[in-house]
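>>> turn this into a structure:
(chains A, B, C and D)
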2 protein chains.
Amino acid sequence: MAVTLQDIANNTGLSVSTVSRALSTEKSPHAGEQTRRKVFAAAAKLGYRPNVSARALARGRSDNVALLLPELDCIPYIHQIETHLDELGLHVTPFASHWQTEREAELLESLPARMLDAVINLHYLAANKDVYQEHRRRGQRLIFRVVEEDIEDVPFDCIGVDVDKGVRVLIEHLHAQGYRRIGLLGGFGATDVAAGRFDRGHARGYMQGHQAVGMPVETGRAVPCGAGMVEAYEAARKALASGRDDFDAFIVQSPDKLTGVIKAVQDAGLTIGRDMGLATIGAEDEPVCSLYDVTTWAQPVYRVCKGLVSLLKNRLDDPEGPIHKIYYESTLVARSSSSRG
Amino acid sequence: MAVTLQDIANNTGLSVSTVSRALSTEKSPHAGEQTRRKVFAAAAKLGYRPNVSARALARGRSDNVALLLPELDCIPYIHQIETHLDELGLHVTPFASHWQTEREAELLESLPARMLDAVINLHYLAANKDVYQEHRRRGQRLIFRVVEEDIEDVPFDCIGVDVDKGVRVLIEHLHAQGYRRIGLLGGFGATDVAAGRFDRGHARGYMQGHQAVGMPVETGRAVPCGAGMVEAYEAARKALASGRDDFDAFIVQSPDKLTGVIKAVQDAGLTIGRDMGLATIGAEDEPVCSLYDVTTWAQPVYRVCKGLVSLLKNRLDDPEGPIHKIYYESTLVARSSSSRG
DNA sequence: AAATGTCGAGCGCCTGAGTGA
DNA sequence: ATCACTCAGGCGCTCGACATT
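Sure thing, here's the model as predicted:
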């Protein structure tokens, strides 16, 4: 049904290969100016669209890159990366691992058969390190955004985001504002702290922050909770009910949870900022944060995405080149939720 | 690099076509039980993965369906549809049109070249009707979720969702609770009402609702606003500031905007439910709605997704069959945000 | 020596027709 | 005749190796 090169060839009286060459922007066996025009005219007239499968099969690449996400809700990332890749003539296909290590490995496994030129993984999982290695050995190009780990420990092209530093900075900031009983709500961080583990991510930052300001860490200040605002609400409510004096501030792991925590604080009859400090860690331009004027350790999403794409481009241009790593600093956006003025 | 049928053939001493047949579940030229076992063993050992491009090229279909979304944030839909299609052995690729009619047309245009077997479009746009027709004529299978239009006017396989009825029902409900000055905030609906147009979607429901309870429609009660909670907040704030007595309830077009409206109401010193009724239209299981206990006209997302997929299956099984249409009723989930008790 | 155009093999897989038991 | 398997052409496109000016 679809229009093929053959159709254009018939229509113009040229051969399929000539048509192919005329349409491709490549240089070497250039096509003549006239033929070119003729071909383009015919292509437009017939509504030709190159068949991506055939092209991929013939070239051994698809101009397609996979975007591996822990969840589908990383929308600003998807959008940004899509935009940047578009400029390189690449198309992006998102895949969600739903936070399952296994599933991520399985997805990676399925990618070569899809002929994807590269993989951008938004969340480096140390647990899958060997899997990543294996896939690189098979020729896959992998680019990572690293959140939990130190990028020194990551033997791949990657962008580091200073999340653990964020907790430290937020604690110092909250401490400077007079808060002394700072809870950590949600995420792996809260779970780690509750279990007395301080060797990675938020938990490490939590520890470092307390050390920096000379406060002892209380593992009871960790409030683990499931995903979503409702669970965050419940967790915060309970935390505030059981002993209101245990907390005078919360660091909330994600803006999503923030919505729940805000309500819990309000319901407890507390005023945000004055009675209860609030801060979170998230992407820049997070609507909830500006709506509720919440202090944020803001990840530079735009630069991170741009960085990921440029790493990708480097890697595609020079598959054997040295590994590149970039570290981006987040910004402390101090707002009224954490000021006692 | 990747393992091909050829590799398995070499490994087992069989021919490529035998291997192909042994691996395919099809029936006709069955392979012998022993060969089958041998082939599967070799495939597993070598880690064979069929090349999707080659397969698509040879079969003329890709076992892939496109999911056309107005925005990337229809996450529950994506997830559900993905799950159901998975059971049919189909893979889904999401494409976002960002609410641009043009872009949607362009996307559709690009799909045949990707050999997608079908398209599920989450938002039927009457403006693109001719484009849809044209693509069906070219053999594309199209399935729609219809929100704004009457499904009688939609000549395609589709699921209807009773959104306009929702506004009517919500108005009747709010009226019964004693609310008399009901605003409509956000979306096409608000824009239409503000412009005095009542011929479709929310605007029609707004009109019908008022008629049903015998209240006159005030076009000034429409509060148009852009996407996102921050814009909704601003719009609601202004509406409440300019003349607080103009409104005693809001119907909010989407749960996203709801977050902003709630804050605006709180900031105005009003109590939700008592001073100001609130209701919204959204998917079932919307976290914001249960968190803030907001009355909702709840779309049956799960059934809609299941329906879309079953329509799809029908269409694939019988491309020439008659058009099917399904109409799903939403449910009124009455909560405290709209009760004066 | 270019510049322009054609040939044809082949990417990995499927499948109708054919071979031999 | 059935069963088990192989041959070979083709899906639409690319690209190295020629042929023609």
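
>>> the residue of the stretch 101-250 of chain A found nearest DNA strand C and chain B, how far apart?
Taking Cβ to the nearest atom of the strand as the measure, the stretch 101-250 of chain A has residue A:113 as its residue closest to DNA strand C, at 7.3 Å. Every C-beta, even on glycine, is put in place using the N, C-alpha and C of the backbone. Distance from residue A:113 to chain B, counting by Cβ to the nearest Cβ, to the nearest Å: 4 Å.

>>> tally of neighbours for that residue?
17 (other Cβ atoms under 10 Å in any protein chain shown).

>>> dihedrals phi and psi, the residue nearest to residue A:284 when sequence neighbours are not counted?
Take residue A:284 and drop its neighbours on the chain: the residue closest to it by Cβ to Cβ, 6 or more residues apart in numbering or on different chains is residue A:298, 4.2 Å away. Backbone geometry at residue A:298, expressed as degrees, to the nearest 10, gives phi -100, psi 120.

>>> and if you look at the one 10 residues further on?
According to degrees, to the nearest 10, the main-chain angles of residue A:308 amount to phi -60, psi -40.

>>> what's the local residue count around the spatially closest residue to residue A:294 that is not a sequence neighbour?
Counting by Cβ to Cβ, 6+ apart, the nearest residue to residue A:294 once its immediate chain neighbours are dropped is residue A:337, at 4.3 Å. As a burial measure, residue A:337 scores 23 neighbours (other Cβ under 10 Å).

>>> test my guess that residue A:337 contacts residue A:272.
Yes. At 5.2 Å, residue A:337 counts as touching residue A:272 under the criterion of Cβ atoms under 8 Å.

>>> before we move on, the earlier item: dump the residue contacts of the residue nearest to residue A:294.
Remark: with contacts taken as Cβ atoms under 8 Å, 6 or more residues apart in numbering or on different chains, residue A:337 is in contact with A:272, A:273, A:277, A:278, A:279, A:292, A:293, A:294, A:295.

>>> just give me the neighbour total for residue A:215.
If we define neighbours as other Cβ under 10 Å, then residue A:215 has 15 of them.

>>> so it sits against residue A:175, correct?
Yes. The pair residue A:215 and residue A:175 qualifies as a contact (Cβ under 8 Å) at a distance of 6.9 Å.

>>> please enumerate the strands of chain A.
Listed in chain order, the strands of chain A (DSSP state E) span residues A:64-69, A:91-96, A:118-121, A:142-146, A:157-161, A:182-185, A:222-223, A:249-252, A:277-283, A:295-299, A:325-328, A:331-333.

>>> what about dumping the CA coordinates of stretch A:149-167 to PDB?
In PDB, the C-alpha atoms belonging to stretch A:149-167 read as follows (Å, rounded to 0.1, in the frame of the first residue of the first chain):
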ATOM      1  CA  GLU A 149      25.800   6.800  43.600                       C
ATOM      2  CA  ASP A 150      29.000   8.700  43.400                       C
ATOM      3  CA  ILE A 151      29.800   9.100  39.700                       C
ATOM      4  CA  GLU A 152      33.400   8.100  40.400                       C
ATOM      5  CA  ASP A 153      32.000   4.600  40.900                       C
ATOM      6  CA  VAL A 154      30.200   4.600  37.600                       C
ATOM      7  CA  PRO A 155      32.200   3.300  34.700                       C
ATOM      8  CA  PHE A 156      30.000   4.700  32.000                       C
ATOM      9  CA  ASP A 157      29.200   8.000  30.300                       C
ATOM     10  CA  CYS A 158      27.000   9.800  32.900                       C
ATOM     11  CA  ILE A 159      25.600  12.900  34.400                       C
ATOM     12  CA  GLY A 160      25.800  13.100  38.100                       C
ATOM     13  CA  VAL A 161      23.200  14.900  40.100                       C
ATOM     14  CA  ASP A 162      24.000  16.000  43.600                       C
ATOM     15  CA  VAL A 163      21.000  14.600  45.500                       C
ATOM     16  CA  ASP A 164      22.600  13.500  48.700                       C
ATOM     17  CA  LYS A 165      24.400  16.800  48.900                       C
ATOM     18  CA  GLY A 166      20.900  18.300  48.700                       C
ATOM     19  CA  VAL A 167      19.800  16.700  51.900                       C
END
